[in-house]
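A.B. asks: I'll drop the sequence and a predicted model, then ask my questions.
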Amino acid sequence: MPPVTVACHAMATRFEIVLHGDNPIALRAAGEGALAQVEQLEAQLSLFRASSEISHLNARAARGPVRVTPGLFALLLQAQKLCEESGGAFDITVAPLVRCWGFMGGDGRLPPPHEVAEARAKVGMGLVHLNRADFTVRFAREGVMLDLGAIGKGYAVERAAEVLREAGVTSALIHGGTSTVQALGPPPGEASWKIAIETPSTAPAASPTLLATVPLKEEALSVSGVQESSFQEAGRTYGHIIDPRTGEPAIGTVLAAVVLPSATETDALSTALLTVGAAGHDAIAKLRPGMRTLVVSESGGQLQVEAKGIEVRPVG
Ligand code: AMP
Ligand code: MG
């Protein structure tokens, strides 16, 4: 039986689901239900929609506590925990720095130092108070802004996968913009889904080569890359992932990948891993048992690959 495929455009990217099973009508209905979940989450979590719950929160929480839905509150608590665990490398308060470096809806620019200093003063999870007693969020000052860009797609993929499971789907693959992919079961007659990771290219025109093929079964994979959005200035590449600890775009790492059961966690932790790079690889990989990771660093046009539990092809 050929698989059923459904797709939608959400969170500025394409979400796609491939479903295997014997009842194409039921599979399609399950797939459409999962995509409806993604669209609902986009309406709630997108910074680029003035009507979203997160935009409402960002606009008001500096003036007083804002009550949020239990789902968003739980996601914010999870983001706070991942921030602590990653030593501040993953931080959803990074938005003022993302904007200052020109990456909020753009491809970046070199800001004057005083602007970076101003933005840094508005960044840090310590500026966000999450009150578990009444599900309210309060910012310690004006200018604090939450950006779920590094965790929202993974969260949406994970929630969509839950919709599929509840509908009885046992074999499917769902991805959001190819950066986060979650597997339900393996495909029929096979041991696992096989996901390709391309070698990040320094030359934009170069044809893609395969860096690794990652087998996935009941697990998620997220890839964070500088290639997605970056600019060059004086021979240095500045990417869209900012190190909240320094206020500057993460340097030296061009790609990071993480495999774990939860797509929310892989999304956040691949961003954290790209931020800390090879120097912080061990610390991130220790956070969860059985975590598989990949870090690609670049220096002087040469790529250096470090992997834990992922088989890598020779590059060069
Ligand atoms: P991802 O592609 O999942 O790695 O997410 C990258 C996006 O998350 C960026 O485009 C920014 O909007 C935001 N971001 C950048 N740096 C960080 C960081 N250190 N922690 C959390 N979010 C970040
Ligand atoms: Mg991420």
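C.D. replies: In hand now; what should we look at? Ligands and ions are numbered 1, 2, ... in the order given.

A.B. asks: Wait, P96 touches E142, no?
C.D. replies: No - P96 lies out of contact with E142 (CB atoms under 8 Å); the separation is 10.8 Å. Using the backbone N, CA and C atoms, a C-beta is placed for each residue, glycine as well.

A.B. asks: out of those two, which sits in the busier spot?
C.D. replies: Taking P96 and E142 together and counting by other CB atoms under 10 Å, P96 has the greater number of neighbours (23 against 8).

A.B. asks: ok, now how distant is the more buried one from F139?
C.D. replies: 12 Å (CB to CB, to the nearest Å).

A.B. asks: ditto for Q304
C.D. replies: Separation of Q304 from F139 (CB to CB): 40 Å.

A.B. asks: try L130
C.D. replies: For L130, the distance to F139 equals 11 Å [CB to CB].

A.B. asks: Give me the more crowded residue out of the two.
C.D. replies: Taking other CB under 10 Å, L130 and F139 do not tie; F139 has more neighbours (23 against 15).

A.B. asks: Could you tell me whether D267 really is in a helix?
C.D. replies: Yes - assigned with DSSP: H, G, I helix; E, B strand; the rest coil, D267 falls within a helix.

A.B. asks: Might you report the residue contacts of the closest residue to it other than its chain neighbours?
C.D. replies: In space, and not counting its chain neighbours, D267 is closest to G154: 2.5 Å by CB to CB, 6 or more residues apart in numbering. Shown in contact with G154 (CB atoms under 8 Å, 6 or more residues apart in numbering): 176, 180, 220, 222, 262-268.

A.B. asks: so does stretch 160-179 get close to ligand 2?
C.D. replies: No - Stretch 160-179 is not in contact with ligand 2 by CB under 5 Å from the ion; minimum separation 7.1 Å.

A.B. asks: element containing the nearest residue to V169 once chain neighbours are set aside, please.
C.D. replies: In space, and not counting its chain neighbours, V169 is closest to A30: 5.1 Å by CB to CB, 6+ apart. A30 is part of helix 24-45, with elements assigned from DSSP states H and E.

A.B. asks: Next secondary structure after that helix?
C.D. replies: Sequence-wise, the next helix or strand downstream of helix 24-45 (DSSP H and E) is helix 53-60.

A.B. asks: what about G126, distance to C83?
C.D. replies: Applying CB to CB, the value for G126 to C83 is 10 Å.

A.B. asks: Neighbour count: the two, which is higher?
C.D. replies: For G126 versus C83, neighbours defined as other CB under 10 Å are more numerous around C83 (23 against 10).

A.B. asks: pretty sure that one belongs to a helix, no?
C.D. replies: Yes - according to three-state DSSP, C83 belongs to a helix.
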